[in-house]
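In: test case, fold it:
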Amino acid sequence: MQEKTQSKPHKKIGVAVIYNPQGQILIDRRLSQGLFGGFWEFPGGKIEANETVCACIKREIQEELGIQIQVNHHLITVNHDYEDFSVTLMVYLCDHLNGIPQTLECAEIRWITLPEIDNFTFPPANIAVIEALKKSVAELI
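Out: Numbering: from 1, shown residues only. As a prediction, this is how the structure comes out:
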């Protein structure tokens, strides 16, 4: 008898690394329920059918945080396999344009500096994003 293999669900996520004029990065804490509840993350969400990554990021940030951003350039694309699903994170550097971030779909929001980022616990797929951020800043120095 052959064992039937089922493919894992795959999520394509648009992710924003949002900078303010002071050079701080916006992170949010996930709600306590669900996978990685209470972990910190870069905001974003699932890309809908017929939606571009940039349109997804702008929409998700408006829905989740109530702010307007400018999506700038691509930082990194991360493919990560979890036990029950896989994700592709398409990460873009963004500028905060206006609005005060609100906890519309998250537990907490913080503006942090890149050196402070190691004080926060992120889901495993975000580790590559953090490393890419550190590398991009190191290249500017």
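In: tell me the helices in this structure, going along the chain?
Out: 53-65, 127-140 (DSSP state H).
In: so for the longest one, what gets flagged as buried?
Out: What that stands for is helix 127-140. Neighbour counts over helix 127-140 (16 or more other Cβ atoms under 10 Å) mark 128-130, 132-133 as buried. Every C-beta, even on glycine, is put in place using the N, C-alpha and C of the backbone.
In: rewinding a little: which of the helices of the chain sits closest to residue 76?
Out: For residue 76, the closest of these is helix 127-140, at 4.1 Å, according to Cβ to Cβ.
In: number of residues surrounding residue 17?
Out: 23 (other Cβ atoms under 10 Å).
In: that one and residue 94 touch, don't they?
Out: Yes - with contact defined as Cβ atoms under 8 Å, residue 17 reaches residue 94; the gap is 6.5 Å.
In: show me the shaky parts of the chain.
Out: The chain contains residues with pLDDT under 70 at 1-6, 140-141.
In: in it, mark out all the strands, start to finish.
Out: 10-19, 25-29, 40-41, 44-46, 68-81, 86-98, 108-112 (DSSP state E).
In: what angle do the fifth one and strand 25-29 make?
Out: Read that as strand 68-81. Here strand 68-81 runs at an angle of 60 degrees relative to strand 25-29 (axes from the mean of the first three to the mean of the last three Cα atoms, to 10 degrees).
In: show me what strand 68-81 is packed against.
Out: When contacts are defined as 3 or more Cβ pairs under 8 Å, 6 or more residues apart in numbering; DSSP states H and E, strand 68-81 packs onto strand 10-19, helix 53-65, strand 86-98, helix 127-140.
In: export these as a markdown table, with columns for distance to residue 115.
Out: Below are the helices and strands packed on strand 68-81 laid out as a markdown table (distance: least, Cβ to Cβ, whole Å):
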| stretch | distance to residue 115 |
| --- | --- |
| strand 10-19 | 14 |
| helix 53-65 | 23 |
| strand 86-98 | 18 |
| helix 127-140 | 9 |
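In: of all these, which lies closest to residue 42?
Out: Closest among the helices and strands packed on strand 68-81, once you apply Cβ to Cβ, is strand 10-19, at 5.1 Å.
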